[in-house]
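**Q** Structure for the following, please:
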Amino acid sequence: MVAFFREVEAYLRADAPHRTLAQLDVANAIAGVDGPITVVAHSLGSVVAYEALHRYPQKEIELFVTPGSPLAMPVAVFPRLDPAPVNGFGARPPGVERWVNLADRGDLMAIPRGDIARRFRDVEAHQDVSVHWLDFHTAANYLRTEALATLTHV
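**A** Numbers count the residues shown, from 1 in each chain. The predicted structure follows:
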């Protein structure tokens, strides 16, 4: 958890050049895709992807999935997003057709659970999932969930 907050702090610093570079990497990866696009962004990656999709809305995104996302985390993340929340609400990135959030009930990084659907306009759904009884935050375990497979038709 300490490492997570160190990474979040480093990324969200207003003068951090790597913040823009990370967003540009995401935008470039998306720009190279032909056909329908699904973006699955886990943990801090969901913050990077959220900001990148706002900053570089050059492609239509069919589905944006945010497993284990801290986007709604008060103080540490939510109020420091770019673009900043307006009147207490974040916005679905332009060009994103559907946004679904997944969170394990024990995932400390995805707290407060369910707040993405309450704090961001136009989130299609928040789903509580059971990822793993002990290892409840890793991307690999989220990727194995039936909920994600159903969403992405894997």
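
**Q** Would you indicate which residues of whichever helix in the chain runs longest are buried?
**A** Ranked by residue count, the top helix of the chain under DSSP state H comes out as helix 17-31. The neighbour-count check on helix 17-31 (16 or more other C-beta atoms under 10 Å) flags 19, 22-23, 26-27, 30 as buried. (C-beta placed from N, C-alpha, C; glycine too.)

**Q** swap in stretch 80-95?
**A** Neighbour-count burial for stretch 80-95 [16+ other C-beta under 10 Å]: 80-81, 85, 90, 92-93, 95.

**Q** which strand of the protein spans the most residues?
**A** Ranked by residue count under DSSP state E, the longest strand found in the chain is strand 96-104.

**Q** Show me the contact partners of whatever helix or strand comes next after that strand.
**A** Next along the chain after strand 96-104, taking DSSP states H and E as the criterion, comes helix 115-119. Helix 115-119 is contacted from outside by 66, 69, 71-72, 78, 85, 88-90, 101, 123, 125-126, using C-beta atoms under 8 Å, 6 or more residues apart in numbering.
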